[in-house]
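Engineer: next one to model:
(one chain, ligands or ions: 1)
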Amino acid sequence: MSLPQAPADERPQLRIGMIGYSFMGEAHSQGWRVAPKFFDLPLNPVMQTIVGRNQKAVAQAATRLGWKTYATDWRTVVESDEVDLIDVCTPGDTHAEIAIAALRAGKHVLCEKPLANSVAEAEEMAAAAEEAAKTGAKAMVGFTYRRVPAVALAREMIAAGKIGPIRQVRAQYLQDWLADENAPLAWRLDKEKAGSGALGDIGAHIIDLTQYMTGESITGVTGMLETFVKERPVAVASSGLSGEAGTERGPVTVDDAALFLARFSGGAIATFEATRFAWGRKNAIRIEINGTKGSIAFDFEDMNVLEYYDAGDDQQTAGYRRIIATEDVHPYVAAWWPPGHGLGYEHGFVHQAADLVRDIAEKKQPLPSFSDGLAVQRVLAAVEKSSDAGTVWTDVS
Ligand code: SOE
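Structural biologist: Below is the predicted model of the structure:
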């Protein structure tokens, strides 16, 4: 007897064509795959086509990431009637060409950050977006960290006047994946491809974040860039952020670290630091904002937390409050897990499924086994028995 079929998703579709399939392509695929499962969206994103130049690799990526079809030339997808939105996940040197073509073909566009490799390109892209908007096409940049609940909460609190007018902003984006001088020369170290180094790759995030959180814009800067390691082994295969090192060496043509001072439109002064050389800091996006009435502080390495200091508190007991931004009153959280379960909670379930599938395939006993479950059960029973007996010592049988 066959069981009833689940009803078809009746929502109108938004068919996606994604260009690129490495780190960002994988991250965006996860976004498209999961968003309609958790959020009550009026359109259903459909993972229609993924594009990459290497036919074998893109075909494998399509299967692995869950795309219906694949292609090797982005132009065919930009022109396709089967796609409504183009998601640009390629290195910066191709953003402008792809995004502008897509907008001109009437597609919506999501483009990874930084938008472009130069202001001239970004201006062309912004003009194309403005033109396309007249016919209803939408364009957006992928500054994803804005959508971390604690960050969005900070913006809401600042807009509500919780810390008063802003005096100082302190922003750091610290990573260490290039601190080893033999880490390979990946495309992010090539000015032609990436536009700039730490400045555009991660500095762009803290520029966007601080402007977003404060609701103000940066009006002027004074900056300092440094390239510590001028030459590196060329990457032979891409994996993770930087790939595998070969024997040939090549020049690093971008900055390794970027520091700058800035002034915001509301008068606040700011310090910014972006580096991929801060040993021990893995993805530390640290933002501290001081206003006339208090401060807020955020660090992505503790991403579910926003710290808030209220200068109006009784000074004897005043201190930073650790707001765990995992309640359904916090931005985005209601669509996810029950209160307190935090972002990242789901990954344990993904790991569980992955381990179980592997163990089944390898004919191994998955853990924890039913015997492990039974052992827990015996402890539970002993606790009950002990309690019933007036809290007497009870051996676990
Ligand atoms: C590498 O520095 C990188 O992957 C950036 O390119 C991303 O934008 C950032 O989110 C994480 O680090």
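Engineer: use CA for all of it now, contacts and neighbours both
Structural biologist: OK.
Engineer: could you list the low-confidence segments of the stretch 151-300 of the chain?
Structural biologist: Low-confidence segments of the stretch 151-300 of the chain, defined by pLDDT under 70, span residues 238-240.
Engineer: all helices of the stretch 201-350 of the chain, in order?
Structural biologist: Under the criterion DSSP state H, counting those that start in this stretch, helices of the stretch 201-350 of the chain are mapped to 204-214, 345-361.
Engineer: all strands of the stretch 251-397 of the chain, in order?
Structural biologist: Secondary structure of the stretch 251-397 of the chain (DSSP state E, counting those that start in this stretch): strands located at 257-264, 269-275, 284-291, 294-299, 305-310, 321-324.
Engineer: centroid-nearest residue for the protein?
Structural biologist: Central residue check for the chain by Cα atoms, centre = their mean: the C-alpha nearest the mean position is that of T144, 4.9 Å away.
Engineer: following the host helix or strand of G31, which helix or strand shows up next?
Structural biologist: When secondary structure is defined using DSSP states H and E, the element that contains G31 is helix 23-38. Using DSSP H and E, the next helix or strand after helix 23-38 towards the C-terminus is strand 44-51.
Engineer: tell me what angle that following strand forms with helix 23-38.
Structural biologist: Counting by axes from the mean of the first three to the mean of the last three Cα atoms, to 10 degrees, strand 44-51 points 160 degrees away from the direction of helix 23-38.
Engineer: heads up, I number from 150, so please use that
Structural biologist: Yes, from this point I'll number from 150; that puts the last item at strand 193-200.
Engineer: what comes up buried for the lengthiest helix in the chain?
Structural biologist: With DSSP state H setting the assignment, residue counts place helix 519-537 as the longest helix in the chain. For helix 519-537, burial by neighbour count (16 or more other Cα atoms under 10 Å) applies to 531-532, 534.
Engineer: still on that earlier bit, which of the helices of the stretch 350-499 of the chain sits most buried?
Structural biologist: Here the criterion is mean neighbour count by mean count of other Cα atoms under 10 Å, and of those the winner is helix 353-363, at a mean of 20.
Engineer: also compute the angle for it relative to strand 433-440, please.
Structural biologist: Using the same axes, to 10 degrees: helix 353-363 against strand 433-440 is 30 degrees.
Engineer: how about residues contacting helix 353-363?
Structural biologist: 262-263, 292, 294-295, 300-301, 303-305, 307-308, 315, 318, 320-322, 366-367, 421, 434, 436 (Cα atoms under 8 Å, 6 or more residues apart in numbering).
Engineer: of these, just the buried ones, PyMOL syntax please.
Structural biologist: Filtering the contacts of helix 353-363 down to the buried ones (16+ other Cα under 10 Å) takes a single PyMOL command:
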select buried, resi 262+263+292+294+295+300+301+303+304+305+307+315+318+320+321+322+366+367+421+434+436
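Engineer: inside helices: which ones of the contacts of helix 353-363?
Structural biologist: With DSSP H as the criterion, helices contain 300-301, 303-305, 307-308 from among the contacts of helix 353-363.
Engineer: thinking again about what came up before, which one among the buried residues of helix 519-537 gets closest to T376?
Structural biologist: Ranking the buried residues of helix 519-537 by separation from T376, with Cα to Cα as the measure, puts V532 on top at 61.6 Å.
Engineer: how about the nearest residue to that closest one, chain neighbours excluded?
Structural biologist: T543 (7.6 Å; Cα to Cα, 6 or more residues apart in numbering).
Engineer: same question, V378
Structural biologist: Among residues not flanking V378 along the chain, E330 sits closest, at 6.2 Å (Cα to Cα, 6+ apart).
Engineer: what number of residues lie near that neighbour?
Structural biologist: As a burial measure, the neighbour count of E330 was computed by other Cα atoms under 10 Å and equals 15.
Engineer: before we move on, the earlier item: between the ones in helices among the contacts of helix 353-363, which is nearest M196?
Structural biologist: M196 has its nearest neighbour among the ones in helices among the contacts of helix 353-363 in A301, at 27.3 Å by Cα to Cα.
Engineer: and the helix or strand that contains A245, what does it pack onto?
Structural biologist: For A245, the host element (DSSP H and E) is helix 244-253. For helix 244-253, the elements it packs on are helix 223-228, strand 234-237, strand 257-261, helix 268-282, judged by 3 or more Cα pairs under 8 Å, 6 or more residues apart in numbering; DSSP states H and E.
Engineer: any chance of the ones you listed in a markdown table, with distance to D477, mean neighbour count and mean pLDDT too?
Structural biologist: What follows is the helices and strands packed on helix 244-253, written out as a markdown table (distance: least, Cα to Cα, whole Å; neighbours: other Cα atoms under 10 Å; pLDDT from 0 to 100):
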| stretch | distance to D477 | mean neighbour count | mean pLDDT |
| --- | --- | --- | --- |
| helix 223-228 | 38 | 19 | 98 |
| strand 234-237 | 29 | 28 | 98 |
| strand 257-261 | 27 | 24 | 97 |
| helix 268-282 | 33 | 16 | 97 |
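Engineer: please identify which of the ones you listed is closest to E511.
Structural biologist: Distance to E511, taken as Cα to Cα, is lowest for strand 234-237 among the helices and strands packed on helix 244-253, at 37.0 Å.
Engineer: so what's the gap between that closest one and the chain middle?
Structural biologist: With Cα atoms, centre = their mean, to the nearest Å as the basis, the distance from the averaged C-alpha position of strand 234-237 to the chain average is 17 Å.
Engineer: name every strand pairing with it and say which way it goes.
Structural biologist: Strand 234-237 has its sheet partners listed here by DSSP bridges as strand 162-168 (parallel), strand 257-261 (parallel).
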